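Undergrad: Got a sequence here, can you model it:
(chains A and B)
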2 protein chains.
Amino acid sequence: MAIYLDNAATSWPKHPAVLAAMQDYLSTAGGNPGRSGHSMSVEAARIVFAAREGLGRLFNAASPDRVTFAKNATEALNMIIFGLLGAGGHVVTTGIEHNAVMRPLRRLESLGAALTVVPCDRTGMVDPDDVKRVVTKNTRLIIATHASNVTGAIMPVAALGRIARECGVPFAVDAAQTAGCVPIDMQADNIDLLAFTGHKGLGGPQGTGGLALSPAVELPPLLYGGTGSVSEAEYQPDFLPDRLESGTLNAVGIAGLGAAVAELAKTGVAMLAAHKQGLVAALVKGAASIPGITVYGPADAADNAGVVSLNFDGLVCSEVGLALDRAFGILTRTGLHCAPAAHRTIGTFPQGTVRLSVSRFTTREEIGRVVSALGQIAEMAR
Amino acid sequence: MAIYLDNAATSWPKHPAVLAAMQDYLSTAGGNPGRSGHSMSVEAARIVFAAREGLGRLFNAASPDRVTFAKNATEALNMIIFGLLGAGGHVVTTGIEHNAVMRPLRRLESLGAALTVVPCDRTGMVDPDDVKRVVTKNTRLIIATHASNVTGAIMPVAALGRIARECGVPFAVDAAQTAGCVPIDMQADNIDLLAFTGHKGLGGPQGTGGLALSPAVELPPLLYGGTGSVSEAEYQPDFLPDRLESGTLNAVGIAGLGAAVAELAKTGVAMLAAHKQGLVAALVKGAASIPGITVYGPADAADNAGVVSLNFDGLVCSEVGLALDRAFGILTRTGLHCAPAAHRTIGTFPQGTVRLSVSRFTTREEIGRVVSALGQIAEMAR
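TA: The predicted structure is shown next:
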């Protein structure tokens, strides 16, 4: 039986309720939400709204209408970045960001926007005071990942939110690695824009994600088109969520995501986070005790969202990934994980790392087998 | 048993192979395509590539790499419109377009682009010569729907493609209502950019669709981010499909779409189109013979992609839709169908129409029951 430790790329397995909800949607709901008045379209709209409500509660958003769906976190991040900086201005980010943040920012920089990348320490942690120091009167956005997809380091979002509020600058959080993994409270932490994906920690299917907005911010749409509302106008409706949701939603995916979020809520994110931190602590302790292995990231598993990066002396990380897959049935991701800035920060650019990422379904017994496999590979490499 | 005639909003039911493929994907493939090197990620990438190949064959695209996935046809249309007209210029479209085309165009018009809307006749058909007459040396794009989502009228895309080629202007087709319903040949018809949705005529799930490009055109991305490729660079890769596919794909949806396209290919689009044209002919003939009903759209069912719009003298269309749903279990869509321009063209703005749209699974027997229900409603209204 394979051990799946690539949950930071996409979580697997999904809870059985996810497939059941998608199956049910395709078989019996199946209409186009918000497009027609018949029973199947109304039922589809009800399922989508229930998912909005579940996500709104999970993130403590101001209202479900301000939870908008997108195809993935990347689309949500583009909406934020191009929406707030399309006309130029200054943006502050950190040295641990994923390319879903860095590529849109570099694109805007090439068009004239000013970008400040605040360095992080070698574990991937940013110092909020360093962020505060670089904010200017032209700063239009502070954007930071909630947790590194390379080291798992959980960023001090509450402190960053306080700084953003004090400076009067919108604060955006890339929750791709934390939604469903780490408790998120938009209101307590002054998060104005939360970009999330559905298929990682939330446990939903691929093709889902979105953007939750505080009442303090408005965004222009990135996509214009049919919304099922204000059908008589050739201009985009100005209310949420419709303004930001052009075209048919992935309602079958959202049905699955809604079911995943409902399952999450039964156990609670805090409980699942504790389980995963236990796994991370065991994995880090086990790996770090093997001669020839370097483990990156936070020293304390309580600062980790569920991701462990490591390297073997004298081995290329792709070889290690292949050996783990072929000889031990352990599925990991190797390389740069679409985050070159993060690897520059932790000193692993351009070779990358072997990344092992856990889920709510990973067991202690599996972690034991993984540590044993790492030991055998280190042994062979010697 | 309900009769589902809202297939132009989203097709239902789906072929059993669609759910089976999605189930299989979630249960056993489940990795993130192109992100990791392990077996489940590779299997996910294989499934996505097979869907690309199937779609490429269906549309006679130049190569599968030039079939890119998007969340819906609206995203693909925005990619085309903002990609080619972001810097301004002149664009030509028709008087029968959906808001997925008109809203992005109106947005660009407000930013300074020049827009010419070529009028259509009362059935929703454009005269290619009228298009030819308005092209100027500043025209950057000709964009037209392949078939009206209100009247079903199939546009003369081959003639429009010839004109575009002669004028040296990129030609884009909105195939939201035709992909899987009407044969499409990008190469023969000089289609440079084909926007399609997966959840209508193709029979796939919601959350799928995309954009196929001829070798003659290049587009800048609308979204920037992680692509799983060129991971070391903070700039977007310049090759297809990666350049236009930022963030995790809806691979589970694409698995379903691929299965749907494979099923379509077994029967062939031409055969399914003939079946649907038979249904449309019977429906139009039956409805038009009922006193007090006006049927819109092409006189010949061979010019119809599977959509019939009608109205009852003295009845608001939403009342008719409600009666069809509640008293007869017939599911339709009423109103403007996100296409106000089309309704202005056929003379049904702002009241809209009752729209009945068939699928490959609709039967002659169902059409008979629908005509009978329409007769009873007309009787009651008298």
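
Undergrad: Residue A:309: what secondary structure?
TA: Under DSSP: H, G, I helix; E, B strand; the rest coil, residue A:309 falls in the strand class.

Undergrad: Skip the chain neighbours and tell me the closest residue to the closest residue to chain B within the stretch 1-150 of chain A.
TA: Using Cβ to the nearest Cβ, residue A:74 is the residue of the stretch 1-150 of chain A that sits closest to chain B, at 2.8 Å. Yep, even glycine has a C-beta here, placed from its N, CA and C like the rest. Distance criterion Cβ to Cβ, 6 or more residues apart in numbering or on different chains; nearest residue to residue A:74, sequence neighbours excluded, is residue B:247 at 2.8 Å.

Undergrad: wait, residue A:140 sits on residue A:92?
TA: No: counting by Cβ atoms under 8 Å, residue A:140 sits too far from residue A:92 to count as a contact (9.4 Å).

Undergrad: any shared contact partners between these two?
TA: Common neighbours of residue A:140 and residue A:92, using Cβ atoms under 8 Å, 6 or more residues apart in numbering or on different chains, are residue A:169.

Undergrad: what sits against the residue of the stretch 1-150 of chain A closest to chain B?
TA: A:100, B:223, B:225-226, B:246-248.

Undergrad: okay, it: pLDDT?
TA: Each residue has a pLDDT score; the one for residue A:74 is 98.

Undergrad: so which helix or strand takes in it?
TA: Residue A:74 belongs to helix A:73-85 when assigned by DSSP states H and E.

Undergrad: which of the residues in that helix are buried?
TA: Residues of helix A:73-85 classed as buried by neighbour count (16 or more other Cβ atoms under 10 Å in any protein chain shown): A:73-85.

Undergrad: Contacts for the following helix or strand past it, please.
TA: Counting by DSSP H and E, the next helix or strand C-terminal to helix A:73-85 is strand A:90-94. Strand A:90-94 is contacted by residues A:81, A:84-85, A:101-102, A:105, A:108, A:113-120, A:126, A:131, A:134-136, A:138-145, A:155, A:169 when judged by Cβ under 8 Å, 6+ apart.

Undergrad: now the residue nearest the centre of chain A: how far from chain B?
TA: Geometric centre of chain A, nearest residue: residue A:176, 0.4 Å, by Cα atoms, centre = their mean. Distance from residue A:176 to chain B, counting by Cβ to the nearest Cβ, to the nearest Å: 9 Å.

Undergrad: Then residue A:281?
TA: 24 Å.

Undergrad: again, but for residue A:181
TA: The spacing between residue A:181 and chain B, counted by Cβ to the nearest Cβ, is 16 Å.

Undergrad: Give the helix, strand or coil label for that residue.
TA: Put simply, residue A:181 is coil when judged by three-state DSSP.

Undergrad: Would you confirm that it contacts residue A:147?
TA: Yes: counting by Cβ under 8 Å, residue A:181 touches residue A:147, with 7.4 Å between them.

Undergrad: can you map out the strands along chain A?
TA: With strands called from DSSP state E, chain A shows them at A:3-4, A:67-69, A:90-94, A:114-118, A:139-145, A:171-174, A:193-197, A:209-213, A:293-295, A:307-312, A:330-331, A:333-335, A:353-357.

Undergrad: closest to residue A:35 out of those strands?
TA: For these, proximity to residue A:35 was assessed by Cβ to Cβ; strand A:67-69 is nearest, at 14.9 Å.

Undergrad: do that closest one and chain B meet?
TA: No: Strand A:67-69 does not reach chain B (Cβ under 8 Å from any Cβ of the partner chain); its nearest approach is 9.4 Å.

Undergrad: That strand - which strands sit beside it in the sheet, and in what orientation?
TA: strand A:209-213 (antiparallel) (DSSP bridges).

Undergrad: Show residues contacting the partner strand.
TA: With contacts defined as Cβ under 8 Å, 6+ apart, strand A:209-213 is touched by A:55-56, A:59, A:61, A:66-73, A:75-76, A:79-80, A:186, A:192-199, A:219, A:240, A:244.

Undergrad: Near chain B, which residues of the stretch 151-300 of chain A? Just list them.
TA: With the criterion set to Cβ under 8 Å from any Cβ, the stretch 151-300 of chain A comes near chain B through A:197, A:199, A:205-208, A:222-228, A:231-236, A:246-253.

Undergrad: circling back: so who does the residue nearest to residue A:74 touch?
TA: Counting by Cβ under 8 Å, 6+ apart, residue B:247 has contacts A:71-75, A:100, B:223, B:225-226.

Undergrad: starting at the chain centroid, how far to stretch A:186-203?
TA: Centroid separation between stretch A:186-203 and its chain, computed with Cα atoms, centre = their mean, to the nearest Å, is 8 Å.

Undergrad: what is the mean pLDDT for that stretch?
TA: 98.

Undergrad: Which residues belonging to that stretch are considered buried?
TA: By neighbour count with 16+ other Cβ under 10 Å, stretch A:186-203 contains the buried residues A:186, A:189-203.

Undergrad: Where do the helices of the stretch 201-350 of chain A begin and end?
TA: Secondary structure of the stretch 201-350 of chain A by DSSP state H, counting those that start in this stretch: the helices cover A:251-267, A:269-288, A:317-328, A:340-346.

Undergrad: neighbouring contacts of the longest one?
TA: If I follow you right, that is helix A:269-288. A:58, A:152, A:180-184, A:264, A:293, A:295, A:297, A:301-302, A:304-308, A:310, A:356, A:358-360, A:362, A:364, A:367-368, A:370-371, A:374.

Undergrad: Buried ones among the residues you listed?
TA: The neighbour count (16+ other Cβ under 10 Å) marks A:58, A:152, A:180-184, A:264, A:293, A:295, A:297, A:301, A:304-308, A:310, A:356, A:358-360, A:362, A:367, A:370-371, A:374 as buried among the contacts of helix A:269-288.

Undergrad: still on that earlier bit, between residue A:140 and residue A:92, tell me which one has more neighbours.
TA: Remark: of residue A:140 and residue A:92, residue A:92 carries more neighbours, 28 against 18, as counted by other Cβ atoms under 10 Å in any protein chain shown.
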